[in-house]
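*Asks:* sequence and predicted structure, then a few things I'm wondering about:
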Amino acid sequence: MNDHFLTHFRKPPRREFSEALYERISTEMNTQRKFNARRIMFAAALCLALIAAFAFSPAAQAALNQVVREIGGVTFFGPDETEANATPVPESQVTIVPEERLPLSEAQAKLPYPVSLPAWVPDGFTMGTSVRISYFGTKYTPVEIIWYGPDPKVGGIMLTVGQRVSWLVDTDHLQEVKVNGQPAGLTGGSWDADTGKWGGEDEKTLTWMKGDVMYLLSSRIPVEDLIRVAESIP
């Protein structure tokens, strides 16, 4: 999949469009190379989640037999047949979401929510010098923070923090686990809109709420270490 449009967008969408998109969503309620691919699948899953959230009411979702689960205040749902058989969207029709990279200290000053970092990560992992903020509108601005690891087969650890949104996952493999005694969702892989399938099942994502802020922690490290990283976030 060509990720050029994610990293070199030409013309950002109007702010009015982004604001309207978020409002419709909230009415219904979610090695470097390795993480470039992870971000593509992350964006694809998020876009599908956003589309489904404002395109279908809860009643319509039930009529389509979509599996919907709520764990710890986060809504998870699986793709319907239309999404599962989707054909690739031409690049010319893709709506580009503005983003910027900057040091975490500068990013925190721009974010409308607090960001807490883990006090523990496995040995050999080093946090990147910059983070990425994506602007889906002033009310939905997730930030991505990456720790790079020593083993290219394992890759790194990515922490995504932002406001609450519904999340598209493989509900057949969604598990409820605990983070500091609170329920959290654990799933493997990510949705790839190009293939209409799930990929990267060896990468796990842990999703939970911390107050009104949603945290997603993704990596190929062992699940027990992933949970330990999450539980070290104050």
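*Replies:* Here it is on my side, so go on.
*Asks:* could you use CA atoms for every contact and neighbour count after this?
*Replies:* Will do.
*Asks:* report the contact partners of Val229.
*Replies:* Neighbouring residues of Val229 by CA atoms under 8 Å, 6 or more residues apart in numbering: Pro118, Ala119, Trp120, Val121.
*Asks:* and the last one, how many residues sit next to it?
*Replies:* Looking back up the chat, that one is Val121. Residues within reach of Val121, counting by other CA atoms under 10 Å, total 18.
*Asks:* separation between it and Gly156?
*Replies:* 11 Å (CA to CA, to the nearest Å).
*Asks:* check the third one too.
*Replies:* Distance, Trp120 to Gly156, using CA to CA: 14 Å.
*Asks:* compare the two (neighbour count), which wins?
*Replies:* Gly156 (23 against 14).
*Asks:* over to the more buried one: give its phi and psi.
*Replies:* Main-chain dihedrals, Gly156, degrees, to the nearest 10: phi -120, psi -160.
*Asks:* rewinding a little: need the contacts of Val229 in CSV with distance to Arg132 and pLDDT, can you?
*Replies:* Formatted as CSV, the contacts of Val229 follow (distance: CA to CA, whole Å; pLDDT from 0 to 100):
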residue, distance to Arg132, pLDDT
Pro118, 17, 98
Ala119, 20, 98
Trp120, 21, 98
Val121, 20, 98
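*Asks:* Three-state assignment for Met227, please.
*Replies:* For residue 227 the amino acid is Ile, not Met. At Ile227 the chain is in helix, as set by DSSP: H, G, I helix; E, B strand; the rest coil.
*Asks:* can you give me the neighbour number for it?
*Replies:* Ile227, neighbours per other CA under 10 Å, totals 18.
*Asks:* contacting residues around it?
*Replies:* Ile227 is in contact with Val179, Leu206, counting by CA under 8 Å, 6+ apart.
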